[in-house]
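1. this one's structure only:
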């Protein structure tokens, strides 16, 4: 089992929810860049979390709802899109999906929060 990542961009500045899910392909090198940003500049989500399509329902299935922790039981962390974009500026993934995710991140407003859901 490998480490997977969903990137949940904040809907708008100040919003406590995300309607988008950017599903990354497993890419150790890319994930290392992201983990370094998370370690240096990451912020725990607010105590009440955010609402996203990565919420967990009573049956344990994913649904739209409150998202506070990752699938590993750790508090979800956010970083600013600009910090993430800067860290990935020169990275060229072999995965078309990850190249698309990086392109999406580069187009986000720099001050927008991006929530990192490791699973």
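-> Thanks, I have the structure now. Here the structure is a predicted model, which is why all the values come from computation and not from measurement.
2. so residue 72 makes contact with residue 119?
-> Yes - using Cβ atoms under 8 Å, residue 72 is in contact with residue 119, at 7.4 Å. Quick note: C-beta positions are derived from backbone N, CA and C, even for glycine.
3. between those two, which one's more packed in?
-> For residue 72 versus residue 119, neighbours defined as other Cβ atoms under 10 Å are more numerous around residue 119 (12 against 8).
4. the one helix or strand residue 39 maps to - what's its average pLDDT?
-> Secondary structure from DSSP states H and E places residue 39 in helix 28-41. The average pLDDT within helix 28-41 is 95.
5. what does that helix contact?
-> 3, 5, 24, 77, 79-80, 83-84, 87-88, 91, 93, 98, 102, 116 (Cβ atoms under 8 Å, 6 or more residues apart in numbering).
6. redo that, cut-off 10 Å
-> 2-5, 7, 24, 27, 42, 77-80, 83-95, 98-99, 101-102, 105, 114, 116, 118 (Cβ atoms under 10 Å, 6 or more residues apart in numbering).
7. which elements pack onto the helix or strand following it?
-> Of the helices and strands lying after helix 28-41 in sequence (DSSP H and E), the nearest is strand 43-44. Applying 3 or more Cβ pairs under 10 Å, 6 or more residues apart in numbering; DSSP states H and E, we find strand 43-44 packed against strand 77-80.
8. within the sheet, what are the partner strands of the strand it packs on, with directions?
-> Here strand 77-80 has these sheet partners by DSSP bridges: strand 43-44 (antiparallel), strand 113-118 (antiparallel).
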